[in-house]
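Q: A structural model of the following input is requested.
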Amino acid sequence: MTFPENPHKTKRIAQRILEDAQKRYPGKNIVLENSVEIIIDVPKDVKYEMGVSENSESAILRPFRVLVSESRNVGSVNHILYKDKNTSKCFVVGSLVYTFYASKGKRLIFFPGTRHRKLALHSRVGNLKGKNYILDHITLEPDQTWHYTILTYGKKPKQRLPPNPLYTFQSKKLFFWFSFSIKSPTLLEPLCEKYKFQLKTSGRELEKHFSILNGANRKKEPHLLHQPESEACQNEFINFSFWIDKRFLGRYRRFPKKSIVLPSQPPSSTLFSTLNSRIKVRGLNGKIVVITSKHSNNLPSNMDIVI
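A: Got it, this is the predicted structure:
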């Protein structure tokens, strides 16, 4: 099956296959193994990798892990991409998920698209070097705290690092969430033409799975971040700051002077330029604002990625 091209036609085909199988084998629990394809619509001038990616660790596919393993609802999935101005190549910044379906505890979850996700610094834990802490996702809880969920090699992503507060501004209508920096766009996942994962569906789960997939991929177009305008510099890095903006658009548009928030232990650097991108997330009261900024200098300790 392919999403989001023609889910209703695909659903009818799957239903017929299951009905035929149940007639042949009455009383048996028939399980249909579906190949789910995710196709991301991008502008024509954007370059991406040809072929199909089945890498389960991709930020595009990680949000669907709970559906594959536990048949749980995914939420609304929003893909955030970055276009390199020099090469026109497109990279995956990450996937932003909002669990709008939850009656209690709606959460924002970000799956970073960095190629290397090993945590080296944490504002409350300190230096994490020597520990195999691989970042899986970043979760904003209903109580306005957020935390990293990590995995160690060969284990499920269940371990959480201590929570961080959500910083508020302007009468608690503007919130800073988190930020991360990369030395180069090539340290992000390159965008592929298609993504695919396997989903086993029984007759009882068919309706549920199709409903979840349709809800997750209701928005076809990704959110494309552009490279800020600046002069070329040998030692530079890019920073992404994530904010939640619940202000009335007609009244407040400006951000605090220190809206470019660098990760823990940032280097002394010169800010070249910034570019704000507003992201509308289904079910969320407000918008996600990603401030993309370019800075001079190296990242601390010559690290390629700082989260």
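Q: Show me what secondary structure element comes after the helix or strand where E207 lies.
A: Per DSSP states H and E: E207 is located in helix 206-216. Sequence-wise, the next helix or strand downstream of helix 206-216 (DSSP H and E) is strand 223-226.
Q: what's the following helix or strand after that next one?
A: Following strand 223-226 in sequence order, the next helix or strand is strand 236-245 (DSSP H and E).
Q: buried ones in the helix or strand just after that next one?
A: Where DSSP H and E defines the elements, the next helix or strand beyond strand 236-245 is strand 271-280. Buried residues in strand 271-280, defined by neighbour count with 16 or more other C-beta atoms under 10 Å: F272, T274, N276, S277, I279. All C-beta atoms are positioned from the backbone trio N, CA, C, and that covers glycine.
Q: Strand 271-280 - which strands sit beside it in the sheet, and in what orientation?
A: Strands adjacent to strand 271-280 in the sheet, as given by DSSP bridges, are strand 287-296 (antiparallel).
Q: if we can go back for a sec, which positions in the helix holding E207 come out as buried?
A: L206, H209, F210, I212, L213, G215, A216.
Q: Would you mind confirming that S76 is in contact with N214?
A: No: assessed by C-beta atoms under 8 Å, S76 is found out of contact with N214, at 10.8 Å.
Q: Around P162, count how many other residues there are.
A: If you count neighbours by other C-beta atoms under 10 Å, P162 ends up with 11.
Q: distance of it from F111?
A: 20 Å (C-beta to C-beta, to the nearest Å).
Q: ditto for A59
A: Remark: distance between A59 and F111 (C-beta to C-beta) = 5 Å.
Q: what touches both of these two?
A: Residues touching both A59 and F111 by C-beta atoms under 8 Å, 6 or more residues apart in numbering: G94, S95.
Q: Compare those two (neighbour count), which wins?
A: Set A59 next to F111 and count neighbours by other C-beta under 10 Å: F111 wins out with 26 against 23.
Q: How about the more buried one: which residues does it bridge to?
A: Residues in a beta bridge with F111, per DSSP bridges, are S95.
Q: What of K200?
A: Taking DSSP bridges as the rule, K200 bridges to E33.
Q: any common contacting residues for S76 and N214?
A: With C-beta under 8 Å, 6+ apart applied, the contact sets of S76 and N214 do not overlap.
Q: And the next helix or strand past the one helix or strand F175 maps to?
A: In this structure, F175 sits in strand 174-182 according to DSSP H and E. Downstream of strand 174-182, the next assigned helix or strand under DSSP H and E is strand 189-190.
Q: what about the strands in the stretch 1-150 of the chain?
A: For the stretch 1-150 of the chain, the strands defined by DSSP state E, counting those that start in this stretch occupy 2-3, 31-38, 49-53, 76-83, 90-98, 108-112, 121-122, 126-127, 134-140, 145-151.
Q: export those strands to JSON lines and tack on mean pLDDT?
A: Shown next, in JSON lines, are the strands of the stretch 1-150 of the chain (pLDDT from 0 to 100):
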{"stretch": "strand 2-3", "mean pLDDT": "44"}
{"stretch": "strand 31-38", "mean pLDDT": "65"}
{"stretch": "strand 49-53", "mean pLDDT": "84"}
{"stretch": "strand 76-83", "mean pLDDT": "92"}
{"stretch": "strand 90-98", "mean pLDDT": "94"}
{"stretch": "strand 108-112", "mean pLDDT": "95"}
{"stretch": "strand 121-122", "mean pLDDT": "54"}
{"stretch": "strand 126-127", "mean pLDDT": "56"}
{"stretch": "strand 134-140", "mean pLDDT": "89"}
{"stretch": "strand 145-151", "mean pLDDT": "86"}
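Q: Ok, which of these comes nearest T186?
A: Closest to T186 of the strands of the stretch 1-150 of the chain is strand 90-98 (C-beta to C-beta; 7.6 Å).
Q: packing partners for that closest one?
A: In terms of contacts (3 or more C-beta pairs under 8 Å, 6 or more residues apart in numbering; DSSP states H and E), strand 90-98 is packed against strand 76-83, strand 108-112, strand 189-190.
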